[in-house]
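Student: predicted model, plus sequence, below.
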Amino acid sequence: MRLALIPPKVLPISVGRNDKVPLRSHRWNDNVNGKEQRIFGFAPWSLRRSLSVSRFAALTSMPVAPAGRMPPAPSDRLPVELWIELRSWLLANDPDAPPMLDWSAALAEPADPEKLAGEIVWIILCAGRSAQSARTIERRVWDAIHAGTPVLSAFGHRMRAAAIETAWARRKDLYVEFASLKAASDEDLLAWCRAMPGVGAVTCFQLAKNLGRDLPKPDIWLCRLAGIPDRPGGRIQERFAACRALCLPLAQAAGDRIATVDSLLWLACNKGVLQVDAFGGPVSYRPGTIKARPIMAGLGFETIDPSVRAIG
């Protein structure tokens, strides 16, 4: 395989809290199959645990830059021009992208108790599994609910099945509680979401977003894009702030909501168009054939009861 290297753009990186090494942003042309790969980003600070600065510099054939400079902002890891290109590519090539954009752009407060319960159920199902897997389970769960049979018969996680049954049984009371929070701050709504059985410290952001708030979800993919490693991930407030800092300039550049940027970035990672490792390393843009199963496309947008929703 022959790779033609277009002159790179040099970007600063943080290896340790005080040690900086330049990392180059390359554009590669693959002369074998015509596919293009571009890499943007910075090495994560967590590499200091396994590599000295001099060792990292030797491996990358790059000199150590002077210390004392601040680590790059999350927004520097994914340039606006790449976001505009990625957004256009997804809308043209991924059948899930147009409905996800429409869904995230129109996010609003649920209109009735059933839709509120539907969002809570979806969030509980999403925890710890792919959106594709959650879609498969979701239909069986709703069939069980409407048939009056135990959710456990459709979803074998005892605690989460019980949480789903509780959300459905209490949907009217929960809707009254939610209505009282319409003018509340994001922090208050997040606390209410977090108190739900089956909703965790990360998925509460997803629930608040799906209930109409313009927030990103600091999940594993968005955190990696922001340069945050899986371990240690840091405090949830810090992760949320970094993810918001990543999404805000992209949203402003394209006229999107933060929730839309969050959803499409997540979709790009789910489909392998954006790739980043567990250390929060460089971000790779790899447009090409999408092999992952669809999430929204082909569902008819009306087939998931009681409301249409996405993972984002």
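Tutor: Yep, that arrived.
Student: how near is the spatially most central residue of the chain to Leu174?
Tutor: With distances taken as C-alpha atoms, centre = their mean, the chain has Trp266 as the residue nearest its mean C-alpha position (3.7 Å). Using C-beta to C-beta, to the nearest Å, one gets 26 Å for the distance from Trp266 to Leu174. Heads up, the C-betas are built off the backbone N, CA and C, glycines and all.
Student: ditto for Gln237
Tutor: In this structure, Gln237 lies at 25 Å from Leu174, with C-beta to C-beta as the measure.
Student: so between the two, which is more surrounded?
Tutor: Higher neighbour count among Gln237 and Leu174: Leu174, with 19 against 10, using other C-beta atoms under 10 Å.
Student: just the helices in the stretch 151-300 of the chain please.
Tutor: For the stretch 151-300 of the chain, applying DSSP state H, counting those that start in this stretch gives helices covering 158-169, 171-179, 186-194, 203-210, 220-225, 236-254, 258-270.
Student: what would the ones you listed look like in JSON lines with mean pLDDT and distance to Leu91?
Tutor: As requested, the helices of the stretch 151-300 of the chain are exported to JSON lines (pLDDT from 0 to 100; distance: least, C-beta to C-beta, whole Å):
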{"stretch": "helix 158-169", "mean pLDDT": "93", "distance to Leu91": "33"}
{"stretch": "helix 171-179", "mean pLDDT": "97", "distance to Leu91": "32"}
{"stretch": "helix 186-194", "mean pLDDT": "96", "distance to Leu91": "28"}
{"stretch": "helix 203-210", "mean pLDDT": "96", "distance to Leu91": "20"}
{"stretch": "helix 220-225", "mean pLDDT": "94", "distance to Leu91": "19"}
{"stretch": "helix 236-254", "mean pLDDT": "95", "distance to Leu91": "11"}
{"stretch": "helix 258-270", "mean pLDDT": "96", "distance to Leu91": "9"}
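Student: pLDDT score assigned to Met296?
Tutor: Here, the pLDDT recorded for Met296 equals 76.
Student: tell me the contacts of it?
Tutor: Residues in contact with Met296 (C-beta atoms under 8 Å, 6 or more residues apart in numbering) are Asp96, Pro99, Met100, Trp103, Ala310.
Student: does Arg135 touch Ile295 like I think?
Tutor: Yes - with the criterion set as C-beta atoms under 8 Å, Arg135 and Ile295 qualify as a contacting pair; they are 6.4 Å apart.
Student: number of nearby residues for the closest residue in space to Ala162 that isn't next to it in sequence?
Tutor: Nearest residue to Ala162, sequence neighbours excluded (C-beta to C-beta, 6 or more residues apart in numbering): Pro197, at 7.3 Å. Other residues within reach of Pro197 by the criterion other C-beta under 10 Å amount to 15.
Student: show me the contacts for Pro197.
Tutor: Pro197 makes contacts with Met159, Ala162, Ala163, Thr166, Ala167, as judged by C-beta under 8 Å, 6+ apart.
Student: what's the spacing between the first one and Gly198?
Tutor: Just to be clear, that refers to Met159. When distance is defined by C-beta to C-beta, Met159 is 7 Å away from Gly198.
Student: need the helices of the stretch 151-300 of the chain in TSV (columns: distance to Val276).
Tutor: Converted to TSV, the helices of the stretch 151-300 of the chain look like this (distance: least, C-beta to C-beta, whole Å):
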stretch	distance to Val276
helix 158-169	28
helix 171-179	35
helix 186-194	26
helix 203-210	19
helix 220-225	4
helix 236-254	12
helix 258-270	7
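Student: now the closest residue in space to Arg129 that isn't next to it in sequence: which helix or strand?
Tutor: The spatially closest residue to Arg129, leaving aside those adjacent along the chain, is Ile137, at 7.9 Å (C-beta to C-beta, 6+ apart). Using DSSP states H and E, Ile137 maps to helix 131-147.
Student: count the residues that sit near the nearest residue in space to Asp277 that is not next to it in sequence.
Tutor: Distances taken as C-beta to C-beta, 6+ apart put Arg224 closest to Asp277, at 7.3 Å, once the chain neighbours are dropped. Burial of Arg224 is recorded as 25 neighbouring residues (other C-beta under 10 Å).
Student: likewise Val176?
Tutor: When neighbours are counted by other C-beta under 10 Å, Val176 comes out with 9.
Student: where does the prediction get shaky in the stretch 1-150 of the chain?
Tutor: Screening the stretch 1-150 of the chain residue by residue with the criterion pLDDT under 70, one finds the ranges 1-72.
Student: roughly how far does the residue nearest to the centre of the chain sit from Leu222?
Tutor: Between Trp266 and Leu222 the distance, using C-beta to C-beta, works out to 7 Å.
Student: cool, and Leu274?
Tutor: Leu274 sits 10 Å away from Leu222 when distances are taken as C-beta to C-beta.
Student: any residues in contact with both of those two?
Tutor: For the pair Leu274 and Leu222, residues contacting each of them under the criterion C-beta under 8 Å, 6+ apart are Leu265.
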